[in-house]
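Asker: The following block contains a protein sequence and its predicted model.
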Amino acid sequence: MKNIKQISDQTETNADTAPLLTQALGNAIRELRQRHKLTIAQVSEQAEISRGMLSKIETGQITPGLDSLSRIARALGVSMSMLFRHYDAPTGSAQHVKKGQGMEVVRRGTKSGHSYELLAYDQGPVKLFEPFMISMDEQSESFPTFQHPGTEFIHMIEGTLEYRHGQTVYVLEPGDTLTFEGEITHGPERLLNKPIRFLSIIIYGNNGN
């Protein structure tokens, strides 16, 4: 008569039952083991399974039974749910823009030595935010002023400038931030230390277009 351990091991030999689950479990176990700086030998000893079995589990060659998963989780010091965290997770989508590969856009002041690099785009019909890397290399006689919906956040990266928002002028130096309502007239007032480079993020919320 077969005991429970033998029945459990039989389920581990069928790798075709759920290949996605098998791979997700293997990846999670290997990731957790490496994060805790444990060897296959250490985990297999604590979990009371062979090194070869654990290696096959990590590489997605076999689907472990619940008994084995429970012992592996204990050996790793985590709950069993942690082993399933990569399975059936939403894939999502992300836009990766490499350094210097943002979209150059034309805005007021572009002809005066200002450049605007849009760091994220293709957001669909409703625009929620716009992140710009703004560079200013030349002094100009007049600076453009802006008004737009939403909230704007500025983080100064390089140089020093005076930035006006309504009736107030702020001196922005590297590391400084400024957050303000976009509907109020705003824009650079004077360049104090060139070149100027800062990150500007306009957040539209649900009112973008």
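Answerer: Right, received. Where do you want to start? Numbering: from 1, shown residues only.
Asker: what does the domain assignment say about the protein?
Answerer: Residue ranges for the domains of the chain, per automatic domain parsing: 4-83, 103-207.
Asker: Only the buried residues of the biggest helix by length in the chain, if you could.
Answerer: Longest helix of the chain, by residue count under DSSP state H: helix 19-35. By neighbour count on 16 or more other Cβ atoms under 10 Å, the buried set for helix 19-35 is 22, 23, 24, 25, 26, 27, 28, 29, 30, 32, 33. C-beta here means a position set from N, CA and C on the backbone, and glycine is covered the same way.
Asker: Rebuild the domains of the chain as a markdown table, extending it with mean pLDDT and distance to residue 96.
Answerer: Below are those laid out as a markdown table (pLDDT from 0 to 100; distance: least, Cβ to Cβ, whole Å):
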| stretch | mean pLDDT | distance to residue 96 |
| --- | --- | --- |
| domain 4-83 | 80 | 22 |
| domain 103-207 | 86 | 10 |
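Asker: Take those and write them to CSV, including distance to residue 97.
Answerer: Output for the domains of the chain, formatted as CSV (distance: least, Cβ to Cβ, whole Å):
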stretch, distance to residue 97
domain 4-83, 27
domain 103-207, 6
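Asker: Please, where are all the strands along the chain?
Answerer: 103-105, 114-118, 129-136, 151-165, 168-172, 177-181, 186-203 (DSSP state E).
Asker: got a markdown table for those, with mean neighbour count too?
Answerer: Converted to a markdown table, the strands of the chain look like this (neighbours: other Cβ atoms under 10 Å):
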| stretch | mean neighbour count |
| --- | --- |
| strand 103-105 | 12 |
| strand 114-118 | 18 |
| strand 129-136 | 19 |
| strand 151-165 | 18 |
| strand 168-172 | 14 |
| strand 177-181 | 14 |
| strand 186-203 | 17 |
